[in-house]
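1. below are the sequence and a predicted model for it; my questions follow.
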Amino acid sequence: MHRVGSAGNTAGSTRPRKEKRFTYVLNDADSKKHCAGINCLAYLNGSAFSRSDYLFSGSRDGTLKRWELNNGDASFSATFESHVDWVNDAIIVGEKLVSCSSDTTLKVWNCFSEGACTRTLRQHSDYVICLAAAEKNSNIVASGGLGGEVFIWDIDAALAPVAKSVDAKEDEVPNGNSRPALTTLCNVNSSSNIASSNGQTHGYSPITAKGHKDSVYALAMNDTGNLLVSGGTEKVVRVWDPRTGSKKMKLRGHTDNIRTLLLDSTGRYCLSGSSDSMIRLWDLGQQRCVHSYAVHTDSVWALATTPSFGHVYSGGRDQSVYLTDLSTRESVLLCTNEYPILQLSLQDDTIWVATTDSSVYGWPAEGRTPQKVFEKGGSFLAGNLSFSRARASLEGSAPVPVYKEPSIVIPGVPAIIQHEIMNNRRHVLTKDTAGSVKLWEITRGAVVEDFGKVSFEDKKKELFEMVSIPAWFTMDARLGCLSVHLDTPQCFSSEIYAVDLNVSGAQEDLKVCTAIYILCTGYICFHTSIFSILS
């Protein structure tokens with residue numbers, strides 16, 4: 001169940017009273033499956049912990065799910081619920097799972113728990129888009145987002161910030177401990193560099209660093225945690241020393257947004273994927289691009305490399321996954337998907353693919369011996385961008401994928417993509433990605449009729465009633481399911497006869513406030529996830 005809270009005046013406060021919003025989520029689908037696109041994947045090799053291997057998936061439905069991997073099969077293991085917006089990225093840090101979301105928070109979870117959030121980190125001013133971690137420093141995590149900020153977190157330390165921007169406010173995590181230590185690298189909310197405050201902040205001196213001027217889409221860190229790279233809408237790769245917050249260099253070459261980054265274990269080489277359709281390999285010692293790979297015909301959104309950093313798997317908007325030899329520049333089309341590819345995760349000989357669909361796909365990858373894929377034929381030389389686009393435009397010239405079908409699919413359920421609140425302010429008509437049209441009753445939190453694949457507009461006209469009821473709730477389907485919002489005081493403006501709610505023993509003329517009924521009955525609690533969003 002999602003967290004529950006309230007907003008309002010504290011005792012003795014003279015500030016204007018904050019209105020409250022209560023939101024409950026209706027989901028007719030299997031709770032063990034995602035109902036919206038998969039934004040991120042994280043693979044955990046359980047051998048170090050004497051446990052099974054796990055795959056974690058983060059979705060636009062606001063949840064993360066854990067899948068146990070055994071002998072080529074994936075079974076549901078747990079759901080992690082606490083975010084109240086899209087989950088955008090997730091990484092494994094030791095035995096901890098760290099996630100970030102469009103709700104502007106990072107959350108820390110125990111990988112092997114049953115889904116309880118152990119800590120919430122609040123510092124970002126906008127959507128948190130990307131994370132990076134140091135493989136050999138299991139408490140250091142970097143986060144970046146649309147606010148232009150990049151933070152370095154010590155998630156094991158329950159300390160005040162090492163450094164913060166002049167705009168930042170002190171905050172505490174829900175359990176009452178002060179926020180973990182962080183270093184502010186970037187902040188675009190200030191027109192100048194981050195200013196140092198006078199004296200010490202809880203015993204720590206703030207770090208001053210010039211920042212990004214716009215959104216951050218990608219981060220990567222080397223194994224030891226002494227090098228961090230970031231990229232975004234500025235079209236440059238910035239290189240940082242995360243231990244001090246100092247900028248080391250800026251790498252130019254891409255002509256559009258940088259969407260994904262990788263560092264090799266030593267921190268010498270960096271791979272970048274961009275909306276300009278290019279993949280670039282950078283030698284950070286030489287501070288230059290040493291190779292460019294034009295294998296995609298549209299934006300590159302995801303990269304994953306073999307452990308030796310000799311080959312790269314890439315995917316993006318063109319729905320294709322390519323395997324490229326970084327030395328020879330030989331490339332092969334591994335597979336094609338039905339949806340744009342958002343993230344990749346390599347597990348031995350399987351490449352897990354996250355797309356805008358609610359399912360997770362596992363494709364053969366030959367991760368231990370990638371050269372075997374090239375032996376199957378169909379490879380080409382990753383030339384320049386104009387060559388790549390010319391190749392794709394010629395009829396019959398597009399490469400043939402090595403694999404036609406995924407080796408494993410973790411199925412999701414269709415997401416709701418269209419909804420209409422009926423005039424009686426009690427029913428909602430929805431349509432999902434499979435084309436099914438359903439009628440929901442808000443007071444029950446359940447589907448009352450499934451019309452199948454029919455015309456949404458025709459069904460809406462058929463169900464139209466000539467009635468006028470006050471608008472006591474609002475609704476959206478951003479999470480792939482219905483989120484019903486009750487805002488005070490307008491949510492208390494509607495009444496309904498108790499007999500229409502099937503209230504046992506109610507008099508025929510008895511009316512009840514619809515919102516109060518929903519809040520007090522407890523019926524919704526057994527059928528939905530419930531959370532509170534503070535206005």
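-> Perfect, thanks for sending it.
2. where does pLDDT dip in the protein?
-> Of all residues in the chain, those with pLDDT under 70 make up the ranges 1-19, 29, 157-210, 384-397, 521-535.
3. show me how it divides into domains.
-> Residue ranges for each domain of the chain read 294-413, 416-532, as given by automatic domain parsing.
4. who wins for proximity to residue 147 among those?
-> Nearest to residue 147, of all the domains of the chain, is domain 416-532, at 19.7 Å by CB to CB. For glycine as for every other residue, the C-beta is placed from the backbone atoms N, C-alpha and C.
5. residue 40 touches residue 355, doesn't it?
-> No - counting by CB atoms under 8 Å, residue 40 does not reach residue 355; the two are 11.6 Å apart.
6. just to revisit the earlier point, buried deepest among the domains of the chain, which one?
-> domain 294-413 (a mean of 19; mean count of other CB atoms under 10 Å).
7. show me where this structure has its helices.
-> Using DSSP state H, the helices assigned to the chain run over residues 371-374, 385-393, 456-462, 514-521.
8. would you put the C-alpha positions of the third one in CSV?
-> Which is helix 456-462. Below are the C-alpha coordinates for helix 456-462, written out as CSV (Å, rounded to 0.1, in the frame of the first residue of the first chain):
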residue,chain,number,x,y,z
PHE,A,456,-14.9,4.3,-27.4
GLU,A,457,-16.8,7.3,-28.9
ASP,A,458,-19.9,5.2,-29.7
LYS,A,459,-20.0,3.7,-26.3
LYS,A,460,-19.6,7.2,-24.7
LYS,A,461,-22.6,8.5,-26.6
GLU,A,462,-24.6,5.4,-25.7
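9. now do it: which elements does it pack against?
-> Secondary structure elements in contact with helix 456-462, counted by 3 or more CB pairs under 8 Å, 6 or more residues apart in numbering; DSSP states H and E, are strand 416-421, strand 427-432.
10. recalculate using a threshold of 10 Å.
-> On a contact count with 3 or more CB pairs under 10 Å, 6 or more residues apart in numbering; DSSP states H and E, helix 456-462 meets strand 416-421, strand 427-432, strand 437-441, strand 446-452.
11. ok, now the first one?
-> In terms of contact count using 3+ CB pairs under 10 Å, 6+ apart, helix 371-374 is assigned the packing partners strand 311-316, strand 320-325, strand 330-336.
12. relative to strand 311-316, how tilted is the last one?
-> So the one you mean is strand 330-336. 50 degrees (axes from the mean of the first three to the mean of the last three CA atoms, to 10 degrees).
13. what's the spacing between strand 330-336 and its chain's center?
-> In terms of CA atoms, centre = their mean, to the nearest Å, the centre of strand 330-336 is found 26 Å from the chain centre.
14. rewinding a little: turn the helices and strands packed on helix 371-374 into TSV, columns for distance to residue 21.
-> Compiled in TSV, the helices and strands packed on helix 371-374 are given as follows (distance: least, CB to CB, whole Å):
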stretch	distance to residue 21
strand 311-316	36
strand 320-325	41
strand 330-336	43
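15. which residues does stretch 374-385 contact?
-> Contacts of stretch 374-385 with the rest of the structure, by CB atoms under 10 Å, 6 or more residues apart in numbering, involve 255, 276-279, 291-297, 311, 322-326, 328-334, 366, 369, 373, 387-388, 390-391, 397, 399-403.
16. quick check, residue 113 in contact with residue 66.
-> Yes - here residue 113 reaches residue 66: they are 9.4 Å apart, a contact under CB atoms under 10 Å.
17. who's more crowded, these two?
-> For residue 113 versus residue 66, the count of surrounding residues by other CB atoms under 10 Å is larger for residue 66: 23 against 15.
18. now that one: how far from residue 342?
-> To residue 342, residue 66 is 19 Å away according to CB to CB, to the nearest Å.
19. how about residue 425?
-> Computed with CB to CB, the distance linking residue 425 and residue 342 is 36 Å.
20. same check, this time on residue 427
-> Residue 427 is 34 Å from residue 342, where distance means CB to CB.
21. ditto for residue 239
-> The span separating residue 239 from residue 342 equals 25 Å under the rule CB to CB.
22. dump the residue contacts of the most centrally placed residue in the chain.
-> Geometric centre of the chain, nearest residue: residue 88, 1.6 Å, by CA atoms, centre = their mean. Under the criterion of CB under 10 Å, 6+ apart, the contact partners of residue 88 comprise 39-40, 58, 60, 99-103, 127-131, 145-146, 217, 342-343.
23. swap in residue 412?
-> Taking CB under 10 Å, 6+ apart as the contact definition, residue 412 lies against 29-30, 33-38, 57, 59, 61, 65, 357-360, 433, 480.
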